[in-house]
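Novice: quick one: sequence plus predicted model below, questions after.
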Amino acid sequence: MQLFLLLLLSPAVIAFLVLITPSQKFRFGFVTLNLLILWTLTYFLVQEPTEMLFYFAQPLKQLIIIADVLLLLYFLWQGKQFKHMLVALLALSQLLLYLYIESTLSHTAHPDLLIDQLSKTMFLIINIVGSVIILYAVKYIASEPVSDLKKRLFILYLLLFLPIMNLIVAANDLLLFFFLFEMTTLASYLLIAYRADETSRANALKALWMNQIGGIVILIGALIFIRTLHTTYFDTIAALQGGGLLFGIAFVSMAALVKGASIPFDRWLIGAMVAPTPVSAMLHSATMVKIAPYMIIKFAPLIAGTLLGDSILILGGFIFATASYLALAKDQLKEVLGYSTIALLALMMSMAALGTQQALFIATVLMLFHALSKALLFLSAGVVEKLHHAKSIGQMKGLVSQNPVIVTFLLIGFISLSLPPFGLFMGKLLALEHLTELLSLKPYLILPLLTLIIGSAIMVLLYFKIASALLQHNETRQETVASLGFTYTLTLSVLALLLAALTLWFFSIYRAGSLYYLALPLLLLLFLPWVKYRLERFDKSRTYHCGEVNNFNAALLYFSPPQSLSRLIPLLFTLGFAFIAVSGGLS
C-alpha cells in the first residue's frame, strides 16, 4: 500500500514545486521526474499479485464529507455567480440528497479502497499516458498569452488530477466514488474555462450541469443500495443478489453514460474542445472519460444477461453508430476526434455490458489502445494548431509538404484507430466475431452487430477523409519545413512507441495465427508514397469534360444530418437513457 500512497503523493509534491518555480526549464525537469516516478510506481503496483485493501481513519472520513459539502457549495456559488439556474438547482439537489444520505448512514469498518486487477489496468492508462500529456503541456502552455502564474496553475491542475483519478478507480465506497466523480467534474470545469472568454465559460458551465446529472444519479443509486442492501461498498454489493441490486446499478450505469458523453450528453464533451489541447487529451479523451467503461466493466458480472445489461449493450451500439455519423458533419479536427471518442467509449461500454470473458477482454483492449491513440492524435492536433494555426480539416490541406513529421504522427494515430494490427481494429474485429458466435443463442444481438458494422465503416471513411486532406498538395502553402522542437517530438514519439509496444503485447497474449496475416495490409502503406507520386504525374479528367482537370477533394465530403433528424436524435437517446433506469427496475 506504500506504493499506492506514493502514487498519490508524488504528483502533489511535484505540483507544489512547479507552482513555486519560475523557470521553464526547471518545470520541465520536475514534470519529467514526475513521469519517471509514476512509471516506476505503476510498474511495481501492476506486478503485485494480490488485491490491496485500505481503511480510512474516522477523521479522514469526516474530512471527506466536509470537502464534499464544500465542493457542492462551490458549484452552487458558481451557478449563482454566473446566473446559471440549472447549475445552482442541480448543486442544491445534490447537496440536500448527499446530506440526507450521510445523516441516515451508519459508518462501519470496511475497506474504503480496493485495488484489484481492473484498478491496475486503469493505473496504466492514468499514469503512463497522463504523465506524457503533462510533459507536453509544459511546452504547449508556455506560448499561451496569459500570466506566468496562470501557466503554472495550469500544470498544477493537471498534476493534481492524477491522484484524483488514481483514487476513483480504487474507491470501494460509492459515496467516496461520488466525491471523486464530482472532483473530476470540478477539474473539467476549471480547465475548460481556463481561457476565461465567453465561449470557454459557457462550455464549462454546460459541462458542469451535465456532469452534475451524473452525480445525482449516483446518489440515487447509493440511496437505493442503502434502503435495500444496507451498504454502499462495491465488494459487498458484488456478493449480493436480489433486492434493489440491479435498480441501484442502473442509476450508477447512467452516470457512466453521462461521464462518457453518450448522446444526449455529447454536447458537453464537444464543447470542452475549446480548452487548451492538453485538457482535451487528458480529461476528455485519454483518461477521465475512461471512468465510463470502467464503471460498466466493474458491474459486468452482475448485469450480464439481464435486461439492464442488454439495454446498455444495445444502446451503446446505437450510440457508437450515431456518434460516428455525427462526426462526418464536423470540420474542426478536435470535434471530429471528440465524436469518435464518444463513439468508441460507447462501444467499450456495450461490450462490457455483454459480460462474457471475451467481451470484457475486448473492452479492456479497446480502452488501452484508445488511450494511446487519442492522446497521440489530440497532442498532434495541438501542435498543428500552435505551429500552423490550423484547426479545420480544410486548413490542413497539403500540410505534408510543410511539416511531414507531424503529418506522420497524425497518420500513425489514424492508422492505429482503423487498420490492423493495432488493437482498436483488432478489438472491433474480435467484437464482430464474438457477437456472431453468440447470435444463434441470442438473436437480438443482431442489433449491436449491425451498429458495429455500420459505425466501423463510417469511422474508416472519416479517418481517411482527414488523411486525404493532410496528403494533398496545396500551392498556397510555403515549402519551408517546420520543426516540431524537442518536447513535442519526444512526447509524440513516446506515445507512438508505446502504441507499438502495446501491439506486440496484444499479439503475444492473443495467440491466433490469423491475426498475423491481418498485419500484412500494413505493408501496402510502404507503397503509398510511390502510388501518390505516380498518380500526380497525370491530369485527372472525365469523359465529356472537354479535357478539364477534375480535382477531387475527399476532405470536402461532409454528411450533415437533416434538421428534423438533428432534433430527433437527442430525443430518442434521452428516452434510451431513461430506459436504463426502467430496465434496472424490471430486471
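Specialist: Yes, it's here.
Novice: and Ile155, how far from Leu495?
Specialist: 19 Å (CB to CB, to the nearest Å). Glycine gets a C-beta too; all of them are placed from N, C-alpha and C.
Novice: of these two, which one has the most company?
Specialist: More crowded of Ile155 and Leu495, by other CB atoms under 10 Å: Leu495, with 30 against 25.
Novice: what's the helix or strand harbouring the more buried one packed up against?
Specialist: According to DSSP states H and E, Leu495 maps onto helix 486-509. Under the contact criterion of 3 or more CB pairs under 8 Å, 6 or more residues apart in numbering; DSSP states H and E, helix 486-509 touches helix 130-142, helix 357-388, helix 404-418, helix 423-438.
Novice: now mean neighbour count, mean pLDDT and distance to Leu160 too, for the ones you listed, in JSON lines please.
Specialist: Formatted as JSON lines, the helices and strands packed on helix 486-509 follow (neighbours: other CB atoms under 10 Å; pLDDT from 0 to 100; distance: least, CB to CB, whole Å):
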{"stretch": "helix 130-142", "mean neighbour count": "24", "mean pLDDT": "92", "distance to Leu160": "11"}
{"stretch": "helix 357-388", "mean neighbour count": "24", "mean pLDDT": "91", "distance to Leu160": "19"}
{"stretch": "helix 404-418", "mean neighbour count": "22", "mean pLDDT": "87", "distance to Leu160": "28"}
{"stretch": "helix 423-438", "mean neighbour count": "20", "mean pLDDT": "87", "distance to Leu160": "30"}
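Novice: export those helices to CSV and tack on distance to Leu113?
Specialist: Shown next, in CSV, are the helices and strands packed on helix 486-509 (distance: least, CB to CB, whole Å):
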stretch, distance to Leu113
helix 130-142, 19
helix 357-388, 21
helix 404-418, 33
helix 423-438, 29
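Novice: mind checking which of these is nearest Phe247?
Specialist: Among the helices and strands packed on helix 486-509, the nearest to Phe247 by CB to CB is helix 357-388 (22.9 Å).
Novice: picking up where we left off before, right, so of the helices and strands packed on helix 486-509, which gets closest to Ile64?
Specialist: helix 130-142 (23.0 Å).
Novice: give me the angle between the helix or strand just after the closest one and helix 130-142.
Specialist: Next helix or strand after helix 130-142 toward the C-terminus (DSSP H and E): helix 148-168. Note on geometry: by axes from the mean of the first three to the mean of the last three CA atoms, to 10 degrees, helix 148-168 and helix 130-142 are set 160 degrees apart in direction.
Novice: packing partners of helix 148-168?
Specialist: helix 2-20, helix 24-47, helix 130-142, helix 174-192.
Novice: and the ones you listed as a markdown table, adding distance to Lys428?
Specialist: Shown next, in a markdown table, are the helices and strands packed on helix 148-168 (distance: least, CB to CB, whole Å):
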| stretch | distance to Lys428 |
| --- | --- |
| helix 2-20 | 32 |
| helix 24-47 | 26 |
| helix 130-142 | 25 |
| helix 174-192 | 28 |
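Novice: out of these, nearest to Ser583?
Specialist: Of all the helices and strands packed on helix 148-168, helix 174-192 comes closest under CB to CB, at 19.9 Å.
Novice: quick one: mean pLDDT for the closest one?
Specialist: Helix 174-192 shows a mean pLDDT of 93.
Novice: I am finished for the moment; much appreciated.
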